[in-house]
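Q: have a look; sequence and predicted model below, questions after that.
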Amino acid sequence: MQKFMMRPLVPVLFLLYFLSTGLSASVKEIPEFREILESVCPNTDTNKYYTVLLPIVQSLKNPESWQATTRAVMHKACSLEMPDWRVRVVFSLGHYGLENGLRSNTVTHLTAILANDSIGKEEYLKTGRLWEHMSETGMSEAEQAELIQVGRRKNLRAIQLEGFALIYVHLRKEGLNHSDAMEKVAEVLPLLQKAHRADHIQKIVREKIFPEEKPDTTKNKAVNEQELWHLFKNSISSLSPDYRGIRIVKLAQHNNKSKWDIERLNQFVSEWLATPYRYGGFSKAGIDCSGFVIKVATDQFPDTELPRSARDIAILGKEVTVEELQTGDLVFFAASKVPGLITHVGIYLSDGQFAHASTKRGITISRLSETYYAKRYVLARRLF
């Protein structure tokens with residue numbers, strides 16, 4: 001009986017082996033793909049990604065298409081050390097987004113934001129278009145990423161997430177800073193979670209943005225999402241620094257004595273060590289570099305409000321040299337291909353060490369003398 005049951009498996013296994021070897025043999029080398037992959041992932045062993053993605057690249061008839069996708073997706077995918085299966089997913093999603101009109105920069109950000117999420121092609125596309133609408137309001141990239149992360153954690157679909165973002169931007173336009181606006185818009189989440197139809201979501205948004213108008217007025221009926229995004233264009237960047245969330249309380253005393261409780265700072269950092277990196281994240285489930293610095297600062301200086309991006313934080317306080325560094329000073333780095341463009345921030349501890357959110361290791365402690373950081377170091381600033 002056992003011998004009889006095994007016989008049908010023999011041709012099946014042979015067929016599977018034949019197909020697998022046949023398929024691998026049919027995949028031809030594409031040297032240009034390897035070159036582009038190595039250029040966007042300079043600090044990564046790209047062989048595994050090359051092998052994983054080669055069949056997909058070969059299936060794309062237009063070379064410009066896979067070239068654009070590789071440049072938009074793979075820098076983030078490599079820096080986050082995504083597993084093979086995930087790279088296939090984000091590459092396919094990125095290609096779909098670009099083919100349907102998303103900007104390359106949008107696809108790059110979505111690769112990082114949605115790195116740990118399962119999302120369909122249409123939801124991906126709608127989320128990308130939402131990102132581009134938010135960009136036009138003047139929001140910082142980290143601010144946008146946090147909004148999407150919060151919405152995704154609350155299981156909002158793209159159409160619900162757009163309502164969430166519109167109400168947030170309205171609150172920022174009205175003068176609330178980032179943290180207050182996030183707290184306020186969170187009150188609307190239960191309503192948005194229950195609203196599944198577009199007209200129901202539009203009603204919630206209109207009632208929050210135009211509370212003085214009656215629900216059935218002609219004015220409200222005429223206002224749709226596109227018109228609201230047009231209304232909010234540049235609304236955040238045009239506000240005063242206070243309204244952009246850059247109001248600093250009791251900062252930059254510029255004396256030579258650190259105001260930090262060093263023991264408390266070290267304890268705080270140790271409690272956060274190994275927390276995973278998540279672009280736009282702001283909790284122990286995942287956090288990014290500016291989010292971590294904000295958490296550290298508000299732990300000891302609760303009245304402080306810092307902006308939600310490393311570049312905006314870098315204009316605050318007093319610049320200090322490496323020789324002048326004290327515990328609690330912020331250190332800034334240019335981790336992109338643009339020289340001097342600040343993209344990363346950490347907090348100085350002592351003896352050349354700083355704590356930060358690394359894309360590969362999460363919350364960790366590194367040394368300024370490490371080759372990677374020494375090459376990318378830009379400046380340091382003292383805020384307290």
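A: Perfect, I can see it now.

Q: quick check: domain ranges of the protein?
A: Per automatic domain parsing, the structural domains of the chain span 14-118, 127-245, 247-382.

Q: and the first one, how far out from the chain's middle?
A: On the basis of Cα atoms, centre = their mean, to the nearest Å, domain 14-118 sits 19 Å off its chain's mean C-alpha point.

Q: with the last one instead?
A: Computed by Cα atoms, centre = their mean, the chain-centroid distance of domain 247-382 equals 17 Å.

Q: can you add mean neighbour count and give the domains of the chain back as TSV?
A: Yep, even glycine has a C-beta here, placed from its N, CA and C like the rest. Converted to TSV, the domains of the chain look like this (neighbours: other Cβ atoms under 10 Å):
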stretch	mean neighbour count
domain 14-118	16
domain 127-245	18
domain 247-382	17
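
Q: could the ones you listed go into a markdown table alongside mean pLDDT?
A: Formatted as a markdown table, the domains of the chain follow (pLDDT from 0 to 100):
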| stretch | mean pLDDT |
| --- | --- |
| domain 14-118 | 86 |
| domain 127-245 | 83 |
| domain 247-382 | 88 |
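
Q: what's the helix or strand for residue 111?
A: Here residue 111, judged by DSSP states H and E, is contained in helix 104-113.

Q: could I have the CA atoms of that helix written out in CSV?
A: Extracted in CSV, the C-alpha atoms of helix 104-113 (Å, rounded to 0.1, in the frame of the first residue of the first chain):
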residue,chain,number,x,y,z
SER,A,104,9.2,58.6,-7.5
ASN,A,105,9.7,60.3,-4.2
THR,A,106,6.2,59.2,-3.1
VAL,A,107,7.0,55.6,-3.8
THR,A,108,10.3,55.9,-1.9
HIS,A,109,8.4,57.1,1.2
LEU,A,110,5.7,54.5,0.9
THR,A,111,8.3,51.8,0.8
ALA,A,112,9.5,52.8,4.3
ILE,A,113,6.1,53.7,5.8
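
Q: for that helix, packing partners?
A: If you count contacts as 3 or more Cβ pairs under 8 Å, 6 or more residues apart in numbering; DSSP states H and E, helix 104-113 packs onto helix 63-79, helix 84-99, helix 121-135, helix 141-153.

Q: format these as a markdown table; extra columns: distance to residue 280.
A: Shown next, in a markdown table, are the helices and strands packed on helix 104-113 (distance: least, Cβ to Cβ, whole Å):
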| stretch | distance to residue 280 |
| --- | --- |
| helix 63-79 | 13 |
| helix 84-99 | 16 |
| helix 121-135 | 11 |
| helix 141-153 | 3 |
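
Q: indicate which one of these is closest to residue 314.
A: Set against residue 314 and scored by Cβ to Cβ, the helices and strands packed on helix 104-113 come closest in helix 141-153, at 12.8 Å.

Q: what packs against that closest one?
A: For helix 141-153, the elements it packs on are helix 104-113, helix 121-135, helix 158-173, helix 178-185, helix 289-300, judged by 3+ Cβ pairs under 8 Å, 6+ apart.
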